[in-house]
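Trainee: Pasting the sequence and the predicted model now:
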Amino acid sequence: MTKRAPVTAGVPLVKLKGNTVSKLTADELTALTIPAHNEISGGNIYNHKASGREYMTLAIVLIEDGLVPAVAYTATDQNEPITWVRPFAEFKEKFEKVAL
């Protein structure tokens, strides 16, 4: 029987290597336990505690060096078309989810 990775709630799991983003393979998904994935999901709005700016989460990603869980996010302000990546633990510390 093949071990299957849990179904994710619409948030793609990807890995970053340099400037390249790629989806995780089935084997990589099976080998990982990412607690971050159940706590933060894509498409939600978070407030940066220091600046007060709002950002939308895009995906849970893995930083290639050490496969560290991270969050990819972008500003809700269309004037800043940058995608940011921050380690999950740091994201949880510096952002809070906006109640809709």
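Mentor: Good, I have the coordinates. Residues are numbered from 1 along each chain as shown.
Trainee: Tell me how far residue 68 lies from residue 62.
Mentor: Going from residue 68 to residue 62 by C-beta to C-beta, to the nearest Å gives 7 Å. Backbone N, C-alpha and C define where each C-beta goes, glycine included.
Trainee: Neighbour count for those two, which is higher?
Mentor: residue 62 (21 against 13; other C-beta atoms under 10 Å).
Trainee: What's opposite the residue nearest to the more buried one when sequence neighbours are not counted in the beta bridge?
Mentor: Closest residue in space to residue 62, ignoring its immediate chain neighbours: residue 15 at 4.4 Å, by C-beta to C-beta, 6 or more residues apart in numbering. Beta-bridge pairing of residue 15 under DSSP bridges involves residue 22, residue 62.
Trainee: contacting residues around residue 15?
Mentor: By C-beta atoms under 8 Å, 6 or more residues apart in numbering, the contact set of residue 15 is 21, 22, 23, 24, 28, 61, 62, 63, 64, 67.
Trainee: Pull the most distant pair out of those.
Mentor: Comparing every pair within the contacts of residue 15 by C-beta to C-beta identifies 23 and 63 as the most remote, at 15.2 Å.
Trainee: of those two, who's got more company?
Mentor: Under the criterion of other C-beta under 10 Å, the comparison of residue 23 against residue 63 puts residue 63 first, with 16 against 11.
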